[in-house]
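In: What follows is a predicted protein model with its sequence.
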Amino acid sequence: MKEPDTYTSPEDDIERDEDQEWIIMALAQLRVVIEQADWFHRLGQPLSDDIRIIAEDYVAQLGFPGVWVSGVTDWETAASTAENPEINSESWEAEETLRAHLTQEALLFLGEEDLGQALDAITTSATPVIFEAAANVANMWGVDDDEIIEACAGAALQACYNAALVIAAGEEEDHPCALKFALYETGHWPIAITGQTLNIF
């Protein structure tokens with residue numbers, strides 16, 4: 001006989017199966033969104049009010065409500081921002097903590113093997129799309145700095161991975177990782193919080 005704390009009723013099993021089915025469908029839809037998104041098409045453009053609202057929600061949900069949102073206008077400034085040693089380490093640590101928590105929650109729904117396969121499918125699908133888009137946009141700007149191009153694409157790929165975790169963990173659309181992905185969907189690159197400023201290219 002199972003111990004009481006490990007017992008699951010048939011109703012619990014049905015509910016868990018339904019949750020898994022919904023998550024798998026939502027992750028499949030995320031792959032479509034990633035493949036169809038117009039990545040990086042607004043780099044350097046002024047930030048609209050709608051984008052600023054998403055950005056302000058992101059930093060507030062992350063735990064940094066006083067952070068100012070600032071637009072970056074060129075690749076040179078983007079590169080220096082991404083390499084700035086004064087990048088807010090607390091915000092980076094906050095995202096790492098969130099990612100670890102999402103992973104733990106997602107494992108409750110999908111299990112280690114299924115979650116691993118789901119995340120692999122996302123990254124396998126997203127990698128060529130994002131890296132090609134970053135290279136194409138950089139080429140249009142006349143930029144041939146492979147390091148900053150890879151940093152831009154790599155950050156976007158990480159956002160896709162985290163967005164998948166948000167879905168797998170059953171979290172809401174106002175989760176910081178979901179909001180950061182939404183910023184990428186607008187065609188921008190949210191580079192980092194430096195000091196008290198979120199820099200968006």
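Out: It's in. Please read these numbers as outputs of a predicted model, since none were measured by experiment. Numbers count the residues shown, from 1 in each chain.
In: where along this structure do the strands fall?
Out: With DSSP state E, the ranges of strands along the chain come out as 68-71, 190-194, 197-200.
In: Need these in a markdown table (columns: mean pLDDT, mean neighbour count and distance to Leu27).
Out: C-betas here are computed from N, CA, C, even on glycine. Formatted as a markdown table, the strands of the chain follow (pLDDT from 0 to 100; neighbours: other C-beta atoms under 10 Å; distance: least, C-beta to C-beta, whole Å):
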| stretch | mean pLDDT | mean neighbour count | distance to Leu27 |
| --- | --- | --- | --- |
| strand 68-71 | 97 | 16 | 30 |
| strand 190-194 | 95 | 22 | 22 |
| strand 197-200 | 97 | 22 | 27 |
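In: Name the residue closest to the centre of this structure, please.
Out: Ala159 (2.2 Å; C-alpha atoms, centre = their mean).
In: Test my guess that that residue contacts Lys180.
Out: Yes. Ala159 is within contact range of Lys180, at 5.4 Å (criterion: C-beta atoms under 8 Å).
In: Please work out how many residues are found near the closest residue to Asp145 other than its chain neighbours.
Out: Leaving aside its chain neighbours, Asp145 sits nearest to Ala79 (6.6 Å; criterion: C-beta to C-beta, 6 or more residues apart in numbering). Applying other C-beta atoms under 10 Å, we find 20 residues neighbouring Ala79.
In: got a list of what Ala79 touches?
Out: 145, 147-148, 151 (C-beta atoms under 8 Å, 6 or more residues apart in numbering).
In: So which of those is the closest to Glu18?
Out: Ala151 (40.0 Å; C-beta to C-beta).
In: mind checking pLDDT for that closest one?
Out: The per-residue pLDDT reported for Ala151 equals 96.
In: wait, isn't it in contact with Ala82?
Out: Yes. If you go by C-beta under 8 Å, Ala151 and Ala82 touch, sitting 5.3 Å apart.
In: just how off-centre is stretch 147-167 within its chain?
Out: From the chain centre to the centre of stretch 147-167 is a distance of 6 Å (C-alpha atoms, centre = their mean, to the nearest Å).
In: related to what we said a few turns ago, turn the buried ones among the contacts of Ala79 into a named ChimeraX selection, would you?
Out: Selecting the buried subset of these in ChimeraX, with 16 or more other C-beta atoms under 10 Å as the burial test, is done by:
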select :148,151
